[in-house]
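> okay, predicted coordinates and the sequence, questions at the end:
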Amino acid sequence: MLDDFLVRAFVAGVGLAIAAGPLGCFVVWRRMAYFGDAISHAAILGVALSLAFSLSPIVGVLLVVLLMSFVIARYAGKLYAIDTLLGVAAHLSLALGLVAVSQLTGVRLDLPSYLFGDILAVSKTDIVVVWMGSLLAVGLLLWRWVPLLTSTLNPDLAVSKGFNVDRERLVLMVSLALLIAVSIKLVGALLISAILIVPAAAARVFSRTPEQMALVAIVIGVASVALGLGLSLYADTPSGPSIVVGSGVFFIIANVVSTVVKNAQQRKHQT
Amino acid sequence: MPDRKIMTTNSLISTENVCLHYGNDVVLHDIDFAVHPREIVTILGPNGSGKSSFLRILIGALQPSGGRIMRQKHLRIGYVPQRLSIDSNLPMSVNRFLSLGSRTDSILKQKWIDQVGIESLLPMQVSQLSGGQLQRVMLAQALLSNPQVLILDEATQGLDQQGEAAFYRLIEQVRNEQGCAIVLVSHDLHVVMSASDRVVCLNGHVCCEGAPTIVSAAPEYRALFGLGTEGALALYRHDHDHSHDDGHEHHHHDHKH
């Protein structure tokens, strides 16, 4: 069954969605959308460095993304406003990565596949790697779920309960870096943060608790992968962007449905 | 300073010479403070007196620039922050919020929900609550962690006077039934007077402390809040304490001569 490239792509995409759902929720709750963008752009630099030092791209990406997270977390709001710093970090690391890649001689590198991903080209090994990284990231989140949620809600409240807010943030950063490292081959550095944010934003509409939102985000993520792959197959569109388009469809449907339901409830209330 | 330790034995949280600086600004200096089991302590001070900073030092959210802070091992703290602004992207029902880090069984949970009067709020979203409702929900949340000490930062903000009085009755009831110590911050002695065992008057340092009746008559307290004797006489019945009568007699005596 896994011999079919489409099945492999779907299985890999599901692995990605399982971690992207809850992680994306935290990105949305903590207003880290630009942070996610900045560190995923740094992944290209990670790819270039791994090729230069003949490392596995995953290792290089993981290291560079983690380093970038620490630098941003350390200096955010101190020297510059956070959005300025993130803008500098995101574009500089992307540009630096592209320059570094161009200087690599004797290495055959398919740059667009690292920018936009190529989920249709995943191997069985890739699937194993994606699922391992994804499950590890989700495992970390589940292990620290209540402390993470509490420190997202109110850091002082978390401290009063004996949680270490800095350590919880570190856990979140490591899981995020893990997901970015394993997903760069699937959806690419430019689209990872879309996979994180769009399903979570769509899930917000249907949820009354954080846990519901995380689960619904996973479901929407899986559905987006299916829709995107279908689109890619029938219209011969690039797979990574198609998946993002798929999640966008669910985002719009979610908001239209909720608006209609709300209006209907209001009208019912009035009569 | 070993002699100071005598004062702090048996205390749940205590501080010794705690200071807090931001650059050259001294927010707090030389604060010796202790909370003992079952005690209701009110920290009183005008805006900008460092009350909230001091509370954040007590719960461990802020590191003091100098001095020592001691907490009993594995101390369970129930903290009610001044505000709780939940991001609109984070769905959080009252019921889910209450069970966050809860350490009580369902029977005790129900008891506090009834007593704090938030049963009808359970299915609502925390972000939809009014100021008074949110205060009660946060109090219940803190109580459900089965605290040994409950720390409330301006918990009555946004409540009217009746609501405020009711809130303090609830606090007293909590102390009596739960047996926990309570540290409150307020800028108004008037309301907290009946409920507090001890009042600590803070303005960068501890100006005065003691039973509420004593503090309300202390010149440091009056100077801090800009209270004239006349206005204070109308506000606080306890002004007819002996210390002031003495002053009065003395004055009278002077006049005769």
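Thanks, I have the structure now.

> where does residue 141 land on pLDDT?
With no chain named, the answer covers chain A. For A:Leu141, the pLDDT comes out at 96.

> wrong one, I was asking about chain B
Predicted confidence (pLDDT) for B:Gln141: 92.

> you'd agree it is up against B:Arg103?
No: taking contacts as Cβ atoms under 8 Å, B:Gln141 lies outside contact range of B:Arg103: 11.5 Å. All C-beta spots, glycine's among them, are computed from the backbone N, C-alpha and C.

> these two: which is more packed in?
Applying other Cβ atoms under 10 Å in any protein chain shown to B:Gln141 and B:Arg103 shows that B:Gln141 carries more neighbours, namely 25 against 11.

> which SS state does that one fall under?
Assigned by DSSP: H, G, I helix; E, B strand; the rest coil, the conformation of B:Gln141 is helix.

> look up the closest residue to it, ignoring the ones flanking it.
Excluding its sequence neighbours, the residue lying closest to B:Gln141 (Cβ to Cβ, 6 or more residues apart in numbering or on different chains) is B:Leu98, at 5.5 Å.

> enumerate every residue touching that neighbour.
B:Lys109, B:Ile113, B:Leu122, B:Val137, B:Ala140, B:Gln141, B:Leu144 (Cβ atoms under 8 Å, 6 or more residues apart in numbering or on different chains).

> dump stretch A:80-88 to PDB, keeping only the CA atoms.
C-alpha atoms of stretch A:80-88 as PDB (Å, rounded to 0.1, in the frame of the first residue of the first chain):
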ATOM      1  CA  TYR A  80      14.100  46.300  19.500                       C
ATOM      2  CA  ALA A  81      10.300  45.700  19.500                       C
ATOM      3  CA  ILE A  82       9.600  42.000  18.900                       C
ATOM      4  CA  ASP A  83       8.100  42.400  15.400                       C
ATOM      5  CA  THR A  84      11.100  44.300  14.300                       C
ATOM      6  CA  LEU A  85      13.500  41.700  15.600                       C
ATOM      7  CA  LEU A  86      11.400  38.900  14.100                       C
ATOM      8  CA  GLY A  87      11.400  40.700  10.700                       C
ATOM      9  CA  VAL A  88      15.100  41.100  10.800                       C
END
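
> backbone dihedrals for the residue in the stretch 151-257 of chain B positioned nearest to chain A, please?
Nearest residue of the stretch 151-257 of chain B to chain A, counting by Cβ to the nearest Cβ: B:Ile151, 7.1 Å away. When quoted as degrees, to the nearest 10, the phi and psi of B:Ile151 stand at phi -120, psi 120.

> tell me if I'm right that it and B:Pro81 touch.
No: when contacts are counted by Cβ under 8 Å, B:Ile151 is not listed as touching B:Pro81 (9.3 Å).

> remind me, longest helix of the chain?
I went with chain A, as the question did not name one. Taking DSSP state H as the criterion, chain A has its longest helix at helix A:239-270.

> could you do chain B instead?
Assigned via DSSP H, chain B shows its longest helix as helix B:161-178.

> okay, buried residues for that one please.
B:Glu164, B:Ala166, B:Phe167, B:Tyr168, B:Leu170, B:Ile171, B:Val174, B:Arg175, B:Gln178 (16 or more other Cβ atoms under 10 Å in any protein chain shown).

> elements contacting it?
If contacts are counted by 3 or more Cβ pairs under 8 Å, 6 or more residues apart in numbering or on different chains; DSSP states H and E, helix B:161-178 sits against strand B:40-44, helix B:106-116, helix B:131-144, strand B:149-153, strand B:181-186, helix B:189-192.

> can you put these in CSV and add distance to A:Glu211?
Formatted as CSV, the helices and strands packed on helix B:161-178 follow (distance: least, Cβ to Cβ, whole Å):
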stretch, distance to A:Glu211
strand B:40-44, 37
helix B:106-116, 19
helix B:131-144, 17
strand B:149-153, 28
strand B:181-186, 32
helix B:189-192, 39
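
> so how far is the longest helix of chain B off the chain centroid?
On the basis of Cα atoms, centre = their mean, to the nearest Å, helix B:161-178 sits 12 Å off its chain's mean C-alpha point.

> need the contact partners of that helix.
Against helix B:161-178 from outside (Cβ under 8 Å, 6+ apart): B:38, B:40, B:115-116, B:132, B:135-136, B:139, B:143, B:147, B:150, B:152, B:155-156, B:159, B:180-182, B:184, B:191-192, B:194-195.

> filter those residues down to the buried ones, PyMOL style.
Applying 16+ other Cβ under 10 Å to the contacts of helix B:161-178, the buried members can be selected in PyMOL as follows:
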select buried, chain B and resi 38+40+115+116+132+135+136+139+143+147+150+152+155+156+159+180+181+182+184+191+192+195
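
> just the helices in chain A please.
Assigned by DSSP H, chain A shows helices spanning A:5-29, A:33-52, A:57-75, A:82-103, A:111-116, A:124-143, A:145-153, A:155-160, A:165-187, A:192-204, A:210-235, A:239-270.

> which one of those lies nearest to B:Leu55?
helix A:155-160 (8.9 Å; Cβ to Cβ).

> for the closest one, name the packing helices and strands.
Using 3+ Cβ pairs under 8 Å, 6+ apart: helix A:155-160 touches helix A:145-153, helix A:165-187, helix B:51-59, strand B:77-80.

> send me it as CSV with only the CA atoms.
Output in CSV follows, covering the C-alpha atoms of helix A:155-160 (Å, rounded to 0.1, in the frame of the first residue of the first chain):
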residue,chain,number,x,y,z
PRO,A,155,2.7,33.6,33.7
ASP,A,156,2.2,34.7,37.3
LEU,A,157,-0.5,32.2,37.9
ALA,A,158,1.8,29.5,36.6
VAL,A,159,4.6,30.6,38.8
SER,A,160,2.3,30.6,41.9
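
> chain center to it: distance?
27 Å.

> average model confidence for that helix?
If you average the pLDDT over helix A:155-160, you get 92.

> neighbouring contacts of it?
Contact partners of helix A:155-160, identified using Cβ under 8 Å, 6+ apart, comprise A:147, A:150-151, A:165, A:168, B:56, B:59-61, B:77-79, B:81, B:84, B:151.

> list the buried residues for it?
Buried, per 16+ other Cβ under 10 Å, within helix A:155-160: A:Pro155, A:Asp156, A:Leu157, A:Ala158, A:Val159, A:Ser160.

> against B:Leu152, how distant is the one residue in chain A that gets nearest to chain B?
Residue nearest to chain B within chain A: A:Ser160 (3.4 Å; Cβ to the nearest Cβ). Distance, A:Ser160 to B:Leu152, using Cβ to Cβ, to the nearest Å: 11 Å.

> and what of A:Gly221?
From A:Gly221 to B:Leu152 the distance is 41 Å (Cβ to Cβ).

> what's the burial count for B:Ile214?
A count of neighbours around B:Ile214, defined by other Cβ under 10 Å, yields 16.

> give me the element it is part of.
Assigned by DSSP states H and E, B:Ile214 belongs to helix B:212-217.

> and that helix, what does it pack onto?
With contacts defined as 3+ Cβ pairs under 8 Å, 6+ apart, helix B:212-217 has these neighbours: helix B:189-192, strand B:198-202.

> from the contacts of helix A:155-160, which two are the most distant?
Top of the distance list for the contacts of helix A:155-160 (Cβ to Cβ): A:Glu168 and B:Ile151, 21.0 Å.

> quick one: contacts for B:Glu119?
So B:Glu119 contacts B:Ile113 (Cβ under 8 Å, 6+ apart).

> make it 10 Å
Applying Cβ atoms under 10 Å, 6 or more residues apart in numbering or on different chains to B:Glu119 gives the contacts B:Val94, B:Gln110, B:Ile113.

> kindly state the pLDDT recorded for B:Leu58?
For B:Leu58, pLDDT reads 93.

> please name the nearest non-neighbouring residue to the residue nearest the centre of chain A.
Computing the C-alpha centroid of chain A and ranking residues by Cα atoms, centre = their mean puts A:Leu196 first, at 3.7 Å. Closest residue to A:Leu196 apart from its sequence neighbours, by Cβ to Cβ, 6+ apart: A:Gly24 at 3.8 Å.

> double-check that neighbour against A:Ala33; I have them as touching.
Yes: under the criterion of Cβ atoms under 10 Å, A:Gly24 makes contact with A:Ala33 at 9.5 Å.
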